[in-house]
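Asker: Sequence plus predicted model, see below.
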There are 2 protein chains.
Amino acid sequence: MANAFYAQSGGVTAVINASACGLLETARKHKDKIQNVLVGRNGIVGALTEDLYNTNLLTDAEIAALRYTPGGAFGSCRYKLKGLEENKVQYERLLDVFKVHDIQYFFYNGGGDSQDTANKVAQMAAKEGYPLTCIGIPKTIDNDLPVTDNCPGFGSVAKYVAVSIREAGLDIASMAETSTKVFVMEVMGRHAGWIAAAAGLASEYTGEPPHIILFPEIPLNQATFLAEVDRCVKTYGYCTVVVSEGVKDEAGKFVADAGLKDAFGHTQLGGVAPVIAQLIKSNLGYKYHWAVCDYLQRSARHIASKVDVEQAYELGKAAVEFALAGKNAVMPTIVRESNNPYRWKIGETTLASVANIEQKMPRHYISENGFGITSAGRDYLQPLIMGEDYPPYKNGLPAYITLRLELITKKLGTFDI
Amino acid sequence: MANAFYAQSGGVTAVINASACGLLETARKHKDKIQNVLVGRNGIVGALTEDLYNTNLLTDAEIAALRYTPGGAFGSCRYKLKGLEENKVQYERLLDVFKVHDIQYFFYNGGGDSQDTANKVAQMAAKEGYPLTCIGIPKTIDNDLPVTDNCPGFGSVAKYVAVSIREAGLDIASMAETSTKVFVMEVMGRHAGWIAAAAGLASEYTGEPPHIILFPEIPLNQATFLAEVDRCVKTYGYCTVVVSEGVKDEAGKFVADAGLKDAFGHTQLGGVAPVIAQLIKSNLGYKYHWAVCDYLQRSARHIASKVDVEQAYELGKAAVEFALAGKNAVMPTIVRESNNPYRWKIGETTLASVANIEQKMPRHYISENGFGITSAGRDYLQPLIMGEDYPPYKNGLPAYITLRLELITKKLGTFDI
């Protein structure tokens, strides 16, 4: 009998709470081993400051509602622990908090940085001889963790951007003859084009939106790009462009940083869509509109992928099962067994194998001209957006839950993070 | 026995095709009176150029699919006919096309301009002694037509923006302690704040997003606004702002035009969200993110309001019924009978009563401080976003239809528009 600690880390997603749901529901089935799951307020920061939510006070219905609630229900953080040698005091503090609250299970739900942190905590506990089971749970819309076939959170963003460009595409197509001819939609992905690529799923037949995708992996050649925009307008009557926020020019500079200045002459960060739209207008003269999806894409639980929700839930569940099976310093993964029909199962990898390693998008997922996805890319992406998993609605809006959370009584002194 | 003409006009919506569906399905039930519905390619332009789609070639299944397909399936246009005296030749051409194709019913689906056009066509036909029944069908996301309680297309945008700010709000709330503290979401509404107001539906309890709404009706006072942003961050830990593209400064100038310049020094039109975000950053120093919904909001059929879809359909149906009942130069309207439970019925008004008249949002729908909606506003808006009406999905994406359209053989010479 001991307690567990769970925390959400980094940018939140439409389904990270589904992982929390899987973890908490599974832990509740094993009260003989896990007495209580204490959750860090705002992620690992809560463990350092001893701000721990008592999930035993939550009803089963509240926990079930996490499955369909986006965002991070317990708060998340952008806070990276430094290396063991650089900041040993933080790791010692974590162990102090874990010891005083009888925490013997550490579940950390996040991306590559978080898996690295979980791994370091495991090493520290082993070295100190404290019996701590450390399990990572993958999460990132960026889909950039290695070993696992894909990352929870990505599939729902993928579905959102593909649905959105299909819908906006129908709008532009309707109006193009007398109005807007070019539409630019900006999506996330500072370092890799996974999300931009997913928008390509909407283009099932030649000529369907999106007509052009701009990837961070492919330096933007203005002349080639403008020629392709012009060709699309002349061929289809309009052109839709999906641009990753991370697209760079041929000198390796972010295009987003290249154009706009505010009224005071400061460079306006973010917003590559208006830069691309203006580039088209200045050179080709076409009337344009542009959209920036930003956080809407990663919080769009209303159009989440059913596959994504299921995988997020199952990974949370598997984390508890791994822990109870005596595994340590590992992370459950998604293993793809087949594409058609899509079959997947839970796999396993060591935290060391995933910590701080970025999974790049393979070049052969991007078409030769650099503006679309290949059939290999489509084969990989397609299963991840399958199925709908609608939340319940009340008053015409999704009835997402806000948990009634209570912190447990602190037992230690304050700690300055 | 005669033919009918139908055209879609102006900016398209998530449900304008639902009106087309109601009209075409109802017309098919009256083949004894309406032999064929000819549809203008790209709206009224198709009538002038004699580019008319033959809907008798469409299957019932294709027409049924219009109910859940966004955009304008036959093409729409931004093309306003001039006054009768200024450009009589256009009206004469319309009558020539109608005569030669035995069109005795004219259905025009659009906003205030379009109702004005329909009214002028009716006047012209009467003057020439040509038996033409002219019926308008309301449509506009701007919700600015008079007489009718609301306009099809608006309810679905309203639902989209309220859902989106609720979801993004959960995201910001999760991360605010260590990351983004302010989120700005830009919505449409150049002249009236109906759409921005609808986002306010997401804030059911004090402190829920959106915290601040910036309306075109309320001049932006920077000091008051910044103080309110700061208060929200200090009270709730974060602040979400919904800004209408049409918000103006105290000198009456569009805020969107006030800030950004492109690399060449040109003013960048569109994009008030980055201007507002930068204003906050410069004055309060808070980390921000911003989104611009643009066309995504008016094409988001995947999250359409069920009430909106039903009303759009019923108005298309009513248009045919009005015509067959011998009415002329009228438009079916939505009449609100009660709020709780919400009950509505089809009403009727003359085209003259709606032509070119803008329905402003009442000031008492906006809260006294100008940053939110009142309970009166909520009572009006709430019923319009009720219910979900999900499209069918295939391959993880909405299975929207692209009609196989064929133009009928032209009988007249070309006409230069």
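Answerer: Cool, got the structure.

Asker: element containing A:Ser109, please.
Answerer: I think there's a mix-up here, since residue A:109 is Asn and not Ser. strand A:103-110 (DSSP states H and E).

Asker: Show me what that strand is in contact with.
Answerer: A:2-10, A:16, A:19-20, A:23, A:34, A:38, A:43-44, A:97-98, A:114-115, A:117-118, A:121-122, A:125, A:131-137, A:139-140, A:316, A:319-320, A:323 (C-beta atoms under 8 Å, 6 or more residues apart in numbering or on different chains). Just so you know, the C-beta spots here come from the backbone N, C-alpha and C atoms, and that holds for glycine as well.

Asker: Which of these fall within helices?
Answerer: The helices, defined by DSSP state H, take in A:16, A:19-20, A:23, A:44, A:97-98, A:114-115, A:117-118, A:121-122, A:125, A:316, A:319-320, A:323 from the contacts of strand A:103-110.

Asker: so where do the strands sit in the stretch 101-250 of chain A?
Answerer: Under the criterion DSSP state E, counting those that start in this stretch, the stretch 101-250 of chain A contains strands at A:103-110, A:133-138, A:182-187, A:212-214, A:239-244.

Asker: same question, the stretch 251-400 of chain A
Answerer: A:288-292, A:330-339, A:342-350, A:393-394, A:397-398.

Asker: closest to chain B out of those?
Answerer: Comparing these against chain B with C-beta to the nearest C-beta, the closest turns out to be strand A:288-292 (3.8 Å).

Asker: next one: that closest one to chain centre, how far?
Answerer: With C-alpha atoms, centre = their mean, to the nearest Å as the basis, strand A:288-292 stands 23 Å off its chain's centre.

Asker: Check stretch A:321-328 too.
Answerer: Worked out by C-alpha atoms, centre = their mean, stretch A:321-328 lies 25 Å from the chain centre.

Asker: Now do the same for that stretch: mean pLDDT, whole number.
Answerer: Mean per-residue pLDDT for stretch A:321-328: 98.

Asker: returning to what we had before: kindly give a single PyMOL line that selects the buried subset of the ones in helices among the contacts of strand A:103-110.
Answerer: The following PyMOL line selects those of these that are buried, judged by 16 or more other C-beta atoms under 10 Å in any protein chain shown:
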select buried, chain A and resi 16+19+20+23+44+97+98+114+115+117+118+121+122+125+316+319+320+323
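
Asker: restrict the ones in helices among the contacts of strand A:103-110 to contacts with chain B.
Answerer: Among these, no residue is within reach of chain B (C-beta under 8 Å from any C-beta of the partner chain).

Asker: any weak-confidence spans in chain A?
Answerer: Counting by pLDDT under 70, chain A has low-confidence residues at A:258-270.

Asker: residues contacting the residue nearest in space to the middle of it?
Answerer: Centrality entry for chain A: nearest residue to the mean C-alpha point is A:Ile141, 1.9 Å, by C-alpha atoms, centre = their mean. Going by C-beta under 8 Å, 6+ apart, A:Ile141 touches A:11, A:13, A:151, A:153-154, A:157, A:188, A:195, A:297-298.

Asker: Now the two most distant members of the residues you listed.
Answerer: Distance extremes for the contacts of A:Ile141: the farthest pair is A:Cys151 and A:Gln297 at 14.8 Å, using C-beta to C-beta.

Asker: picking that back up, give me the subset of the contacts of A:Ile141 lying in helices.
Answerer: Per DSSP H, the contacts of A:Ile141 map to helices at A:154, A:157, A:195, A:297-298.

Asker: Based on its surroundings, how many neighbours for A:Asn283?
Answerer: Counted by other C-beta atoms under 10 Å in any protein chain shown, the residues lying close to A:Asn283 total 15.

Asker: Quick check: chain neighbours aside, which residue is closest to it?
Answerer: Counting by C-beta to C-beta, 6 or more residues apart in numbering or on different chains, A:Leu226 is the residue found nearest to A:Asn283 once chain neighbours are left out, at 5.2 Å.

Asker: ok, the one you found touching A:Lys281?
Answerer: No. A:Leu226 lies out of contact with A:Lys281 (C-beta atoms under 8 Å); the separation is 10.9 Å.

Asker: hmm, back to that, can I get the ones in helices among the contacts of A:Ile141 in TSV including neighbour count and distance to chain B?
Answerer: Converted to TSV, the ones in helices among the contacts of A:Ile141 look like this (neighbours: other C-beta atoms under 10 Å in any protein chain shown; distance: C-beta to the nearest C-beta, whole Å):
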residue	neighbour count	distance to chain B
A:Phe154	29	13
A:Val157	33	12
A:Ile195	28	15
A:Gln297	27	9
A:Arg298	30	7
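
Asker: For the closest residue to A:Gly71 other than its chain neighbours, give its distance to A:Ala173.
Answerer: Nearest non-adjacent residue to A:Gly71, counting by C-beta to C-beta, 6+ apart: B:Leu170, 3.2 Å away. Distance, B:Leu170 to A:Ala173, by C-beta to C-beta, to the nearest Å: 33 Å.

Asker: Neighbour count for those two, which is higher?
Answerer: B:Leu170 (27 against 23).

Asker: how many other residues sit next to A:Gly129?
Answerer: Counted with other C-beta under 10 Å, A:Gly129 comes out at 6.

Asker: and the gap between the residue sitting furthest away from the middle of chain A and A:Ser282?
Answerer: Distance from the C-alpha centroid of chain A, by C-alpha atoms, centre = their mean, peaks at A:Thr178 (38.8 Å). Distance, A:Thr178 to A:Ser282, by C-beta to C-beta: 22 Å.

Asker: cool, and A:His289?
Answerer: For A:His289, the distance to A:Ser282 - C-beta to C-beta - is 16 Å.

Asker: Would you mind telling me which of these two has more residues around it?
Answerer: Shown here are A:His289 and A:Ser282; by other C-beta under 10 Å, A:His289 has more neighbours (21 against 13).

Asker: Just list whatever residues bridge to that one.
Answerer: A:Phe183 (DSSP bridges).

Asker: want to throw the strands of the stretch 101-250 of chain A into TSV with mean neighbour count?
Answerer: As requested, the strands of the stretch 101-250 of chain A are exported to TSV (neighbours: other C-beta atoms under 10 Å in any protein chain shown):
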stretch	mean neighbour count
strand A:103-110	26
strand A:133-138	29
strand A:182-187	29
strand A:212-214	26
strand A:239-244	29
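
Asker: of those strands, which approaches B:Asn328 most closely?
Answerer: Short answer: strand A:182-187, nearest of the strands of the stretch 101-250 of chain A by C-beta to C-beta, at 38.9 Å.

Asker: could you give the angle of that closest one to strand A:239-244?
Answerer: 20 degrees (axes from the mean of the first three to the mean of the last three C-alpha atoms, to 10 degrees).

Asker: what packs against strand A:182-187?
Answerer: The contact analysis (3 or more C-beta pairs under 8 Å, 6 or more residues apart in numbering or on different chains; DSSP states H and E) places strand A:182-187 against helix A:154-175, helix A:194-199, strand A:239-244, helix A:272-284, strand A:288-292.

Asker: So what touches stretch A:350-367?
Answerer: Stretch A:350-367 is contacted from outside by A:112-113, A:115-116, A:118-119, A:122, A:134, A:136, A:138, A:143-148, A:191-194, A:197, A:215, A:217-218, A:329-331, A:372-374, A:376-377, A:380, using C-beta under 8 Å, 6+ apart.

Asker: ok, how many other residues are close to A:Ala14?
Answerer: 35.

Asker: How about the backbone phi and psi for it?
Answerer: In terms of degrees, to the nearest 10, the main-chain angles of A:Ala14 are phi -70, psi -20.

Asker: For it, give me its contacts.
Answerer: Going by C-beta under 8 Å, 6+ apart, A:Ala14 touches A:70, A:153, A:156-157, A:298-301, A:304, A:308, B:167.

Asker: B:Tyr390: which of these is nearest?
Answerer: A:Ala304 (13.1 Å).

Asker: For that closest one, which non-adjacent residue is spatially closest?
Answerer: That would be A:Ser156: by C-beta to C-beta, 6+ apart, it lies 4.2 Å from A:Ala304.

Asker: what's near enough to touch the one you found?
Answerer: Applying C-beta under 8 Å, 6+ apart to A:Ser156 gives the contacts A:13-15, A:298, A:300-301, A:303-305, A:308-309.
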